[in-house]
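**Q** turn this into a model:
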Amino acid sequence: MLDRLEEVGLIDDAAYAEMLVRTRHSERGLARRAISQELRRRGVDVETSSVALEQVDDDSEADAAREIARRRLARTVGLDRDVRVRRVVGALARKGHSPGRAFEVVKQLLDDEAVTGELDS
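**A** Below is the predicted model of the structure:
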């Protein structure tokens, strides 16, 4: 039965994986690592996942991290800098972004805020 469904195109793991990668990255800002884990939990094989994850490049992942950090920092104005860093880095980590990228993005945004008085847009 499954073979027949695949044959007529009703079951397509590659298309499913590509759609999941696209939506999770653009709508939720998830990094490739988090998306890869979700694909694995949903039973998509490693090869299919790898091909689908190629649509997310380093630049778009960094942009997503910056946007998440900007929104989270806006909610924490008035708190101690260390508290803000911890909260935003934690939020980025939960989205699958690496600690290095998370700290880099948060530091840059906080430095920009200190100079201009507002988060860059």
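
**Q** what about the residue nearest to residue 61 when sequence neighbours are not counted, how many neighbours?
**A** Leaving out its chain neighbours, the residue that sits closest to residue 61 by C-beta to C-beta, 6 or more residues apart in numbering is residue 31, at 5.5 Å. Bear in mind the C-beta positions are built from the backbone N, C-alpha and C, glycine included. When neighbours are defined as other C-beta atoms under 10 Å, residue 31 has 23 of them.

**Q** quick one: residue 31 and residue 99 touch, right?
**A** No: taking contact to mean C-beta atoms under 8 Å, the distance of 11.6 Å between residue 31 and residue 99 leaves them out of contact.

**Q** okay, now the domains of this structure?
**A** Using automatic domain parsing, the domain parsing of the chain gives 2-53, 58-116.

**Q** could you check how far residue 51 is from residue 20?
**A** The gap separating residue 51 from residue 20 is 12 Å, by C-beta to C-beta, to the nearest Å.

**Q** more neighbours, the two?
**A** Neighbour totals were compared for residue 51 and residue 20, and residue 20 leads with 18 against 13 (other C-beta under 10 Å).

**Q** measure the closest residue to the more buried one other than its chain neighbours to residue 76 for me?
**A** If the residues on either side of it in the chain are set aside, residue 20 comes closest to residue 39, at 6.4 Å by C-beta to C-beta, 6+ apart. Distance check for residue 39 against residue 76: by C-beta to C-beta, it reads 32 Å.

**Q** ok, residue 20 next?
**A** With the distance defined as C-beta to C-beta, residue 20 ends up 31 Å from residue 76.

**Q** before we move on, what about residue 65?
**A** 16 Å.

**Q** sorry, back to before: what is in contact with residue 31 and residue 99 at once?
**A** When C-beta atoms under 8 Å, 6 or more residues apart in numbering defines a contact, no residue borders residue 31 and residue 99 alike.

**Q** residue 113 reaches residue 70, doesn't it?
**A** No: look at residue 113 against residue 70 with C-beta under 8 Å: they stay out of range, at 9.7 Å.

**Q** residue 70 contacts residue 110, correct?
**A** No: in this structure residue 70 lies outside contact range of residue 110 using C-beta under 8 Å: 10.8 Å.
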